[in-house]
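Asker: build me a model:
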Amino acid sequence: MSTKTLKRNRRSNKKNNKKAYEYIAQVYLEKKNMNSSGVKRIPASNLILILSIISLAVVVSFYLAYNKKRVCISSLSVYPDKGLFKLKYNFISSNTPSVLNIKLNNLDATPYNFLSFSVRGSSDKGYPKILKVELQNKFREKGEVYLTDIDKKWRTYHIPLKSFSNITDFSSLERISFVVEPWNTYNKRGVILIDNISFSESKYRVKMEG
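Answerer: Here you go, the predicted model:
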């Protein structure tokens, strides 16, 4: 084969190789452009709608969680329709403590942390300064707390159930008792008024009422 023929074949091969490279490059670029243009873009209106739905879901979740918490800390009233309880005492002729027993009918107080109620003494008939509060469960376990600041104005108390330390089981409370002891009062006759007895998980703000 002559030298001219070899040179001619080399130029032809280079030209064919160049065309092959250009074709490959063109196919690559077209595929890249196709992939780039093939990605769907979410319209702005749809994006706003999606974000609104997500925001609404978050708000609803917080609302449900908040209301669930509120249910957990709600109080359980004891005889809410009965009105005031009155504890009268007269130690002029007797030294026996005066007791007001209120049945709880095996009340389950395990969801709660506080015993709450309002108390005031009678300004007309007199009242003691000290009042004993007692809880008893079906196992005859008794716990007691003394209140030492009874007044003629309404005072609301929130007593932690753990203060009734002798009670180990609060799942079946039989009764709550309010007791005036003759050795703990100066006035030998009087009346104690009791209202708004309840059990609650949360300690509410103490109210002082005239």
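Asker: contacting residues around P182?
Answerer: 89, 91, 94-97, 188 (Cβ atoms under 8 Å, 6 or more residues apart in numbering). Quick note: C-beta positions are derived from backbone N, CA and C, even for glycine.
Asker: may I see those organised as CSV, with neighbour count and pLDDT added?
Answerer: Formatted as CSV, these follow (neighbours: other Cβ atoms under 10 Å; pLDDT from 0 to 100):
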residue, neighbour count, pLDDT
Y89, 26, 96
F91, 19, 95
S94, 11, 89
N95, 10, 92
T96, 11, 95
P97, 15, 97
K188, 15, 92
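Asker: and which of those is nearest F139?
Answerer: Comparing the contacts of P182 against F139 with Cβ to Cβ places P97 closest, at 23.0 Å.
Asker: let me see the contact set for the nearest residue to that closest one once chain neighbours are set aside.
Answerer: Leaving out its chain neighbours, the residue that sits closest to P97 by Cβ to Cβ, 6 or more residues apart in numbering is E181, at 4.7 Å. Neighbouring residues of E181 by Cβ under 8 Å, 6+ apart: 97, 130, 132.
Asker: give me the phi and psi for the second one.
Answerer: So the one you mean is I130. phi -120, psi 130 (degrees, to the nearest 10).
Asker: likewise S163?
Answerer: phi -70, psi -20.
Asker: what does the pLDDT read for it?
Answerer: Per-residue pLDDT puts S163 at 97.
Asker: for it, which non-adjacent residue is closest in space?
Answerer: V145 is the one closest to S163 (Cβ to Cβ, 6+ apart), at 5.2 Å.
Asker: now distance to V78 too, for the contacts of E181, in TSV please.
Answerer: What follows is these, written out as TSV (distance: Cβ to Cβ, whole Å):
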residue	distance to V78
P97	22
I130	22
K132	18
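Asker: tell me the one of the residues you listed nearest Y112?
Answerer: Nearest to Y112 among these: K132, at 21.0 Å, using Cβ to Cβ.
Asker: residues in contact with that closest one?
Answerer: Applying Cβ under 8 Å, 6+ apart to K132 gives the contacts 144-147, 177-181, 184.
Asker: quick check on those: which are buried?
Answerer: 144-145, 147, 177-181 (16 or more other Cβ atoms under 10 Å).
Asker: got CSV for those, with pLDDT, distance to K138 and secondary structure too?
Answerer: Shown next, in CSV, are the buried ones among the contacts of K132 (pLDDT from 0 to 100; distance: Cβ to Cβ, whole Å; DSSP: H, G, I helix; E, B strand; the rest coil):
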residue, pLDDT, distance to K138, secondary structure
E144, 98, 17, strand
V145, 98, 20, strand
L147, 97, 25, strand
S177, 98, 15, strand
F178, 98, 20, strand
V179, 98, 20, strand
V180, 97, 26, strand
E181, 97, 25, coil
